[in-house]
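Chemist: quick one: sequence plus predicted model below, questions after.
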Amino acid sequence: MSAENMEYLTIALPKGKVFGKAVQLFEKIGYTAEGLSDKSRKLIITNEEQKIRFIITKTADVPVYVEYGAADIGVIGKDVLMETDKDVYELLDLNIAKCHLMMAVPKDKKRANLLDYANTRVATKFPHIAAAFFNSKGMQMEYIKLHGSIELGPIVGLSESIVDIVETGTTLRENNLEEYAFIVDATARLIANRVSFKMKFERINKLLADLRKII
Ligand SMILES: Nc1ncnc2c1ncn2[C@@H]1O[C@H](COP(=O)(O)OP(=O)(O)OP(=O)(O)O)[C@@H](O)[C@H]1O
Ligand SMILES: O=P(O)(O)OC[C@H]1O[C@H](OP(=O)(O)OP(=O)(O)O)[C@H](O)[C@@H]1O
């Protein structure tokens, strides 16, 4: 680790839904940087006094920056963490961005049993999580990877079901879908690079202790 990297604690934050909530958490424990809460286009925001650097990345890239040590720690949804299967430490459930992963089907075409969906098509942003779930039920499926608006899949005949995130259930309701099987809870987690966790143990441990007090 270079001397400069050693000097700073670099924190990767995802753009999108988790960003504001993560910034609020860090602010509560006194970790801030000027311009962090703005809608700024700056991708790296430094607090020289505290020797903290925030980097702002696409959601799916947070575990990549952390795995390679370009960020020491990061905040990421459990869903993304499970799907990417990166070699990082999962340190803490931050209890923000609460949602869960589930399988949903069209209300008017609901089949009697889960096994009745064997060998059908599933539209999802999370093919690995979906496969782990269906494999555990002994079901072989065809997975169709989408990048958003997953609920559209069964409506237009692309798939018989979806595996996706649900929070309030509004998107399911508005598209005549119904939750059929719960898969896993997915709140945002604090993750750490394995080497950083050892080399910056005191700083990261202090951060962990401070976060635990407010969660
Ligand atoms: N409706 C929701 N309510 C609460 N948390 C959610 C919801 N949807 C997603 N999340 C959580 O927030 C994380 C980020 O979601 P968000 O939609 O901002 O990112 P994204 O999928 O990368 O978006 P984009 O497709 O714009 O890049 C998800 O990984 C999940 O953990
Ligand atoms: O239960 P709800 O409160 O309705 O939230 C669930 C929706 O939120 C997420 O979509 P997002 O807004 O990220 O859009 P996307 O599917 O296009 O990525 C998720 O994929 C669901 O569609």
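Modeler: Cool, the structure landed. Numbers count the residues shown, from 1 in each chain. Ligands and ions are numbered 1, 2, ... in the order given.
Chemist: got the buried residues for the helix or strand bottoming out on mean pLDDT in the chain?
Modeler: Sorting the helices and strands of the chain by mean pLDDT, DSSP states H and E puts helix 3-7 at the bottom, at a mean of 84. In terms of neighbour count (16 or more other C-beta atoms under 10 Å), helix 3-7 has its buried residues at residue 5. For glycine as for every other residue, the C-beta is placed from the backbone atoms N, C-alpha and C.
Chemist: other residues contacting that helix?
Modeler: 51, 69, 199-200 (C-beta atoms under 8 Å, 6 or more residues apart in numbering).
Chemist: same check, this time on stretch 189-198
Modeler: 1, 62-63, 66-69, 71-78, 81, 87-94, 204, 208, 211.
Chemist: report the backbone C-alpha coordinates of stretch 108-117 in PDB.
Modeler: Provided in PDB are the C-alpha atoms of stretch 108-117 (Å, rounded to 0.1, in the frame of the first residue of the first chain):
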ATOM      1  CA  ASP A 108     -54.100 -13.800 -12.700                       C
ATOM      2  CA  LYS A 109     -51.800 -16.700 -13.800                       C
ATOM      3  CA  LYS A 110     -50.700 -17.900 -10.400                       C
ATOM      4  CA  ARG A 111     -49.800 -21.600 -10.300                       C
ATOM      5  CA  ALA A 112     -50.700 -23.700  -7.300                       C
ATOM      6  CA  ASN A 113     -47.200 -24.700  -6.200                       C
ATOM      7  CA  LEU A 114     -43.700 -23.400  -6.600                       C
ATOM      8  CA  LEU A 115     -42.600 -26.600  -8.300                       C
ATOM      9  CA  ASP A 116     -45.200 -25.900 -11.000                       C
ATOM     10  CA  TYR A 117     -42.800 -23.100 -12.200                       C
END
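Chemist: mean confidence score for it?
Modeler: Averaged across stretch 108-117, the pLDDT comes to 98.
Chemist: contacts for the host helix or strand of residue 11, please.
Modeler: For residue 11, the host element (DSSP states H and E) is strand 9-14. For strand 9-14, contacts defined as C-beta under 8 Å, 6+ apart pick out 19, 22-23, 26, 31, 51-59, 61-62, 65-66, 70-77, 200, 203-204, 207.
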